[in-house]
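In: Coordinates for the following, if possible.
(chains A and B)
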Amino acid sequence: MRRRNFLALGAASAALAGTKKRPSIEAVDESCGCELQAPGGRGPGRGGPGRGGNGMQAFADLQSGLKVTNMKVFGVSMSPNSDRPYVFVKLETNQGLVGWGEGTLEGKASATMACMNDFRDFVVGADPLQVEHIWQDMYVHSFYRAGPVMGSAISGIDQALWDLRGKFLGMPVYKLLGGPYDPRGVRGYYHVDGATAEQLVEIRQTAKELGVTCVKGGIPGYYEWIERRPKIDQAIKSIQLYRESLGPDIDIAVDFHAKTSPSVASIIVKEVEPLNLLFIEEPCPPENVQAMAKIARRSTTPIATGERLVTSYGTRELIEMGVIDILQTDINHVGGITGLWKVAATADVSGISMAPHSCEGPIGGLAALHVDSAMPNFVVQEICGQIRPNANDKIWEEWFGFPAMRMVDGRFPLSEKPGLGFELSEASLEKFPFGGSRPMARVFSDDGSVVEW
Amino acid sequence: MSQIAHRRARLRMNFAPQAAAAAAPRPAALDITEIRHFAVREPVSGTRYSLLKVTTRSGLTGWGECGFDTNADFNALQSEWIGKPANTYATIAPSTPFRAALDIAMLDILGKAANAPVYRVLGGPTRNKVRAWSSPYSQEFPVTVIDVPRPLSRNQGKAYENRILELVNAVPADRDFVLAGSGLLTPGDAASVAFTVEAKHPLWFDEPCSHSNLEALRKISGEVVTPLGFGAGIDDPGVFQGLLREGLIDVVRPDIAIFGITGARRVAALAEPYYVAVAPRHNGGPVATAASIHLAASIPNFFIQHVPIPTSEQDRAMRREIVSPSLEKSSGGFLELTKTPGLGITVNEAALEKYRAS
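Out: I've put the predicted structure just below:
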């Protein structure tokens, strides 16, 4: 009875709020009960030096002189129904320098753009050289720690800050990071998903001509928690076809795309051991590290995963357990250059190598090359492109004036230009207006149930 | 071979490591043309350390410091690094002789080339001053160091605990203190000291016992909330990882003279997702003090920096003579950040000759 009264009261006040103007209230205390204080306990922080502003007053004597004056967020849909409009962020400064970054998050473009704008107060007015400080400010002071939306927003802003850092200091970002290991560039791979036997033979020839040393394919179809014999045989045959058609000299990676359960993946992985694959990727979904460990324990084929993990907090368990061989953290989600560098540094301690993921726009890919070239444990960099340039590659070349994320002699070349090494005009993006968020593929089994793809 | 070792071996066969890369195709301004080595010794304390001077084609010079090592192969360092670009500090292999000094010197050069303090090159400042402590010369810093005595005999029990409490109670209540165990206690004695001081709230108990006895550390940290710090003799970040994974360490203490700035930053990144503080070890000279300041101002999880200011005025004068400006000054218990490019110091080469260690 009491509960019913309470509900009725709630309904009444809701109706009141709907019909009447909200009464003016002087100040509502929205505090969570935490008493915020200024540093050193010099009194209450609310509105005082410990709270509000962008925290930069503490660094008044240590400024570089460069200051962010504006942040612009762009949604760039390469086709009207794209599920992954590029999310770009541009930072403008008091000295005319601009920085670009990318935080593309597949299926969640609008949310990421909104989240970037939520960080406006952390960025505008800041000294962009203090990237570690700004990163911590955004991450820690969000209170709710980063998932993929916030991780991608931070990633984009972080890349733009690094671009500005490099431009201001007159150096390519990889030099600031202590690279490059290899001045010739960063080894990469293209995708060969869905290619027929004849196409694979042709790809083998093209790879030889172009100096490409590594490719990645997928496995056909969708999988239930436990699979039937014909489906498992088909998956094994499709992987064997890669090796048979591509020959022994090309490194082959196979993406399971977390379509399989640990039970099903383990069977397939065991059967393809003799093929000497470079790695198999995401043999199961990413949430459960123990499940991944179960597959890894029973396999001699190197296991790669990690594209969906955010920050070095998110990769900690995988790294400390040391069961996988390669981490594929994505610079557009993990926390940008700062996040990727930390994950690589920590993975190295466990003897885990890095093969960063990149399946979004060109800015994140170009930013990843800088970190790759300064990693002691780098293996290979992904790009979701084909061995022959396609329409997308042409557009990227138009935007940047060079063939972005195309390899030369099997490596992505490094730029000598300061920052991330490119210029981009807002006008060139106007041809690809934002078409809104679109969901990624939604795939259902014959019986209508939801399946991974 | 275990599955995991087998997989890693297979992986190595399948890719050419970046470290095997060819040298830069053409001479560049930042190529290293000369490396010089100075081993110096403080006249009274006898403390010794190695300084490196690295010079580039463009004439920039950088200074670094690491521990004194008569066996380190300076010729190997030269043949490996002369002709390589001075900006590639991340590629220094852990096995490189004088690696900490080389890393610090290369960052000094990179800062000068970028016209920015090293902390700015590395994404800082993350703080505007650097909290510090000093031992044995500690008057100017707000931390007292208690060298924990070993028990006079086995099974001293209560008498030993009282002896420890006496030392702790002598510290004014408004001063913080660190218990320095120096790794000399047995795990049992370390546990009883940690328990005895628990309610006195030390900053941490440094090197309570050997870090290699994990079972003993599990027992101490499983029962006592006194924070534990380790770093002495650790040259492999994997040791820190093991302690972090099991929650056996509260203060990671990479030695600046072993890890350099970059190695210590990697250890800091390792500790960050465990919410663990970094308080780098430093028992060398004034160049490493400068490096420590830049390190502290470029990482988020820094807590406090040790500065080994000697007790003898003669030794202190030597440190002021070889490096200027002196950064080893307390400003309310903190060290100040430099604002000039690189490490922000000048090294007096003539003075180095004067103090050369034989």
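In: Over to B:Asn283: give its phi and psi.
Out: Phi and psi for B:Asn283, reported as degrees, to the nearest 10, are phi -130, psi 20.
In: wait, what's in contact with the closest residue to it other than its chain neighbours?
Out: Computed as CB to CB, 6 or more residues apart in numbering or on different chains, the closest residue to B:Asn283 that is not its neighbour in sequence is B:Pro308, at 4.9 Å. For glycine as for every other residue, the C-beta is placed from the backbone atoms N, C-alpha and C. Going by CB atoms under 8 Å, 6 or more residues apart in numbering or on different chains, B:Pro308 touches B:47, B:134-135, B:282-284.
In: Contacts only, for the closest residue to B:Pro85 other than its chain neighbours.
Out: Nearest non-adjacent residue to B:Pro85, counting by CB to CB, 6+ apart: B:Leu30, 5.0 Å away. Going by CB under 8 Å, 6+ apart, B:Leu30 touches B:56-58, B:60, B:85-87, B:109, B:113.
In: Against A:Gln290, how distant is B:Leu30?
Out: 47 Å (CB to CB, to the nearest Å).
In: B:Ala116 too?
Out: Counting by CB to CB - B:Ala116 and A:Gln290 are separated by 45 Å.
In: higher neighbour count, those two?
Out: B:Ala116 (24 against 10; other CB atoms under 10 Å in any protein chain shown).
In: and the more buried one, what are its phi and psi?
Out: phi -150, psi 150.
In: Surely it touches A:Ser64?
Out: Yes - with contact defined as CB atoms under 8 Å, B:Ala116 and A:Ser64 form a contacting pair (7.1 Å).
In: shared neighbours of these two, anything?
Out: Both B:Ala116 and A:Ser64 are in contact with A:Leu129, where contact means CB under 8 Å, 6+ apart.
In: By proximity to chain B, which residue of the stretch 351-453 of chain A wins?
Out: A:Ala374 (4.4 Å; CB to the nearest CB).
In: if I read this right, that residue contacts A:Val186, doesn't it?
Out: No - judged on CB under 8 Å, A:Ala374 makes no contact with A:Val186 at a distance of 10.1 Å.
In: tell me, what's touching those two both at once?
Out: With contacts taken as CB under 8 Å, 6+ apart, A:Ala374 and A:Val186 have A:Pro180 as neighbours in common.
In: Chain A: which of the contacts of B:Leu30 is nearest?
Out: B:Asn87 (4.4 Å).
In: Give me the pLDDT value at the closest residue to chain B within the stretch 151-300 of chain A.
Out: Relative to chain B, the nearest point of the stretch 151-300 of chain A is A:Gly178 (2.8 Å; CB to the nearest CB). Per-residue confidence at A:Gly178 stands at 97 (pLDDT).
In: ditto for B:Glu198
Out: pLDDT, B:Glu198: 96.
In: which residue packs closest to it, ignoring adjacent ones?
Out: The nearest residue in space to B:Glu198 (CB to CB, 6+ apart) is B:Thr226, at 5.1 Å.
In: so that neighbour sits in a strand?
Out: No - B:Thr226: not assigned to a strand; according to DSSP: H, G, I helix; E, B strand; the rest coil it is coil.
In: Give me the distance between it and B:Ala232.
Out: For B:Thr226, the distance to B:Ala232 - CB to CB - is 18 Å.
In: that older thread, helix, strand, or coil at the residue of the stretch 151-300 of chain A closest to chain B?
Out: Assigned with three-state DSSP, A:Gly178 falls in the coil class.
In: Quick check: phi and psi on the nearest residue to it once chain neighbours are set aside?
Out: Spatial nearest neighbour of A:Gly178, chain neighbours left out: B:Ala90 (2.8 Å); criterion: CB to CB, 6+ apart. Per-residue torsions, B:Ala90: phi -70, psi -20 (degrees, to the nearest 10).
In: B:Ala90 reaches A:Pro376, doesn't it?
Out: Yes - contact status for B:Ala90 versus A:Pro376: in contact at 7.2 Å, counting by CB under 8 Å.
In: who's more crowded, B:Thr226 and B:Ala232?
Out: More neighbours surround B:Thr226 than the other of B:Thr226 and B:Ala232, with 25 against 16 (other CB under 10 Å).
In: Around residue 213, how many other residues sit close by?
Out: No chain was given, so I picked chain A. 22.
In: nope, chain B please
Out: B:Asn213: 14 neighbours (other CB under 10 Å).
In: Next one: the nearest residue to it once chain neighbours are set aside relative to B:Pro310, how far apart?
Out: Leaving aside its chain neighbours, B:Asn213 sits nearest to B:Pro187 (5.6 Å; criterion: CB to CB, 6+ apart). Using CB to CB, B:Pro187 is found at 32 Å from B:Pro310.
In: Looking at these two, which one has more neighbours?
Out: B:Pro310 (21 against 16).
In: Enumerate every residue touching residue 328.
Out: Since no chain was named, I'll use chain A. By CB under 8 Å, 6+ apart, the neighbours of A:Gln328 are A:281, A:304-307, A:354-357, A:382.
In: Correction: the question concerned chain B.
Out: B:286, B:289, B:307, B:309, B:319, B:335.
In: ok, which stretches of the stretch 251-400 of chain A are strands?
Out: A:251-255, A:279-281, A:303-305, A:326-327, A:353-354, A:381-382 (DSSP state E, counting those that start in this stretch).
In: Stretch A:392-411: which residues count as buried?
Out: A:392-393, A:395-397, A:399-400, A:404-407, A:410-411 (16 or more other CB atoms under 10 Å in any protein chain shown).
In: and stretch B:119-128, how far apart are its ends?
Out: For stretch B:119-128, the first-to-last residue distance is 11 Å (CA to CA, to the nearest Å).
In: With stretch B:34-54 instead?
Out: Distance between the two ends of stretch B:34-54: 6 Å, counting by CA to CA.
In: Pull out the buried residues from it.
Out: Using 16+ other CB under 10 Å as the test for burial, stretch B:34-54 gives B:35, B:38-42, B:45, B:47-54.
In: ditto for stretch B:235-253
Out: Those would be B:237, B:239-245, B:248-253, for stretch B:235-253 by 16+ other CB under 10 Å.
In: cool, stretch A:67-76 as well?
Out: Buried, per 16+ other CB under 10 Å, within stretch A:67-76: A:67-68, A:71, A:73-76.
In: Please enumerate residues in contact with stretch B:347-358?
Out: Contacts of stretch B:347-358 (CB under 8 Å, 6+ apart): B:38-43, B:48, B:51, B:53, B:63, B:68, B:287, B:318, B:321-324.
In: Go back to those and keep what's next to chain A.
Out: For chain A, no contacts are drawn from those by CB under 8 Å from any CB of the partner chain.
In: In strands, which of these fall?
Out: B:38-41, B:48, B:51, B:53, B:63, B:323-324 (DSSP state E).
In: Can you name the residues that contact B:Ala76?
Out: B:Pro97.
In: Look up how far B:Pro97 lies from it.
Out: On the measure of CB to CB, B:Ala76 and B:Pro97 end up 6 Å apart.
In: Then B:Pro273?
Out: B:Pro273 is 32 Å from B:Pro97, by CB to CB.
In: hang on, the earlier thing: now the contacts of B:Pro308: which count as buried?
Out: Of those, these count as buried by 16+ other CB under 10 Å: B:47, B:134-135, B:282-284.
In: one step back: number of residues surrounding the closest residue in space to the residue of the stretch 351-453 of chain A closest to chain B that isn't next to it in sequence?
Out: With sequence-adjacent residues excluded and distances taken as CB to CB, 6+ apart, A:Ala374 is closest to A:Gly179, at 3.2 Å. As a burial measure, A:Gly179 scores 28 neighbours (other CB under 10 Å).
In: B:Arg265 versus A:Gly179, what's the distance?
Out: A:Gly179 is 15 Å from B:Arg265, by CB to CB.
In: For A:Trp100, give the beta-bridge partners.
Out: A:Lys90 (DSSP bridges).
In: what's the pLDDT at it?
Out: 98.
In: Could I get the contacting residues of it?
Out: A:88-91, A:159-160, A:163, A:363, A:420, A:422, A:424.
In: got the residue ranges for the helices in the stretch 1-150 of chain A?
Out: A:2-19, A:109-118, A:120-123, A:131-140, A:148-169 (DSSP state H, counting those that start in this stretch).
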